[in-house]
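Chemist: Can you look at this prediction? I've put the sequence above it.
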Amino acid sequence: MTGGLLTEPAPAAPWPPVQRVVTVAGRRPVGAYVELSLAAPEVAERAVPGQFVAFAVGGPTSAHLLRRSIAIAGVGGGQVQVVVSAHGPGSSWLAGLAPGDVVDVVGPLGRPFPMPPPGTPALLVGGGYGAAALVGLAGRLRATGSEVAAVTGAASAGRLCSVQELGSLAAPFVVMTDDGSAGRRGWVTDAVAELVNGAGVVYACGPMGMLRAVADVATAAGVPSYVAVEESMACGIGVCMTCVLPVVGGDGRTRFARSCVEGPVFGGDRVRFADVGTLPADVVGADAMGLTPPAVPTPAGSPPTPVAPPEADPGTPGASS
Ligand SMILES: Cc1cc2nc3c(=O)[nH]c(=O)nc-3n(C[C@H](O)[C@H](O)[C@H](O)COP(=O)(O)OP(=O)(O)OC[C@H]3O[C@@H](n4cnc5c(N)ncnc54)[C@H](O)[C@@H]3O)c2cc1C
Ligand code: FES
């Protein structure tokens, strides 16, 4: 991470978001995933690539209190598309919805992918279902005169997503799988390293490890990058602090940013990936959290004297950083 590429976030999304009970207009399997089309015109007309929606899951008598966040994969004709990977109770319930069912949705939420100056060549990098969230971005970039290259990857062929859609908008377009069951065998970063020097900006959506690797390649090449992170979210609207991660600001200082409202898209050179899930001692407010001792008060006019830090406790979160 250099922190020097000045990747700035997009402005905050308009508030409040739309909350509606909407009808499932379509459902189709997409490899290992399920794509749902929702009749949600008010969400569709406001949505911008990179944003997400949050679903109440389990039906009207559900005991699942937390909404589930899912990236917006496309909009059109008053509908919103999402691609769901079923694994836990909420995502499995969503993936089991059928046309005609209703679901309570809030959105669009979060900050979208910032657009580069018109004509900037862009490299889009998707991992698994994360590729779906890049299709709308590819179309938007092309509409503003950008050449779009793309790389998409997954563990195996069945876990790829939106290959046709992204492939029709990007050239070159490279498919990578870990096991070689589709496209080239290897990691997306293999192809990113080959293409990054032709890009003026890189966008990535996928698993955290992939985002980190892509951001590292882009930053090392001096190319700004934007990553859409997928931190666990409880409220989705900026209240609970569940979704925070350490992000370096324009002043060079690290703060915990809420990925639901300050993100989910961040500058790739801004996210301290190695410290995600920890409490870094240099984060703004660390002293208030008991991570670093407060400065000892001194007479007016002289600078405060910091207290020597205590021995790092191996059991203290962030002690290793
Ligand atoms: C911005 C964003 C975009 C996403 N896009 C997609 C997408 O396009 N497709 C897709 O399939 N998935 C997507 N996800 C992931 C999806 O939200 C989760 O897979 C889903 O919430 C899991 O719910 P579950 O009940 O199936 O599983 P569980 O793992 O059982 O999750 C249950 C609930 O607990 C919450 N939770 C988990 N860990 C914690 C924690 N440590 N503290 C507080 N709450 C926690 C989860 O957010 C969820 O609400 C996205 C997530 C985010 C944040
Ligand atoms: S999920 Fe509650 S603040 Fe982000």
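Modeler: Everything's here; your move. Ligands and ions are numbered 1, 2, ... in the order given.
Chemist: From the chain's centroid, how far away is whichever helix or strand L38 is part of?
Modeler: In the assignment (DSSP states H and E), L38 maps to strand 33-39. Relative to the centre of its chain, strand 33-39 is centred 19 Å away, using Cα atoms, centre = their mean, to the nearest Å.
Chemist: So what touches it?
Modeler: By Cβ atoms under 8 Å, 6 or more residues apart in numbering, the surrounding residues in contact with strand 33-39 are 22-29, 73, 78-86, 94-95, 97, 103, 105, 129, 132, 161. Where C-beta positions appear, they are placed from N, C-alpha and C, glycine not excepted.
Chemist: Which of these fall within strands?
Modeler: Among the contacts of strand 33-39, the ones falling in strands (DSSP state E) are 22-29, 79-84, 103, 105.
Chemist: out of the residues you listed, who's nearest ligand 2?
Modeler: Closest to ligand 2 out of the ones in strands among the contacts of strand 33-39 is V105 (16.1 Å), distances taken as Cβ to the nearest ligand atom.
Chemist: quick one: that closest one from ligand 1, how far?
Modeler: 13 Å (Cβ to the nearest ligand atom, to the nearest Å).
Chemist: Can you list the buried residues in the helix or strand containing L134?
Modeler: Per DSSP H and E: L134 is located in helix 132-143. Judged by neighbour count (16 or more other Cβ atoms under 10 Å), helix 132-143 contains these buried residues: 132-141.
Chemist: partner strands of the next helix-or-strand element following it, parallel or antiparallel?
Modeler: On the C-terminal side of helix 132-143, the closest following helix or strand by DSSP H and E is strand 148-154. Strand pairing for strand 148-154, determined by DSSP bridges: strand 122-127 (parallel), strand 173-177 (parallel).
Chemist: Off-centre distance for the last one?
Modeler: Taking Cα atoms, centre = their mean, one finds the center of strand 173-177 at 20 Å from the center of the full chain.
Chemist: Which residues outside that strand are in contact with it?
Modeler: 149-157, 160, 163, 166-167, 182-188, 190-191, 195.
Chemist: Could you single out the most deeply buried of the strands paired with strand 148-154?
Modeler: Among the strands paired with strand 148-154, ranked by average contacts under mean count of other Cβ atoms under 10 Å, first place goes to strand 122-127 (a mean of 29).
Chemist: so that one versus helix 132-143, what angle?
Modeler: Per axes from the mean of the first three to the mean of the last three Cα atoms, to 10 degrees, the angle that strand 122-127 makes with helix 132-143 is 170 degrees.
Chemist: So for strand 122-127, mean pLDDT?
Modeler: Regarding strand 122-127, the rounded mean pLDDT is 98.
Chemist: wait, does it make contact with ligand 1?
Modeler: No. On the criterion Cβ under 6 Å from any ligand atom, strand 122-127 is out of touch with ligand 1, staying 10.9 Å away.
Chemist: mind checking which helix or strand T219 is in?
Modeler: Taking DSSP H and E as the definition, T219 sits inside helix 208-220.
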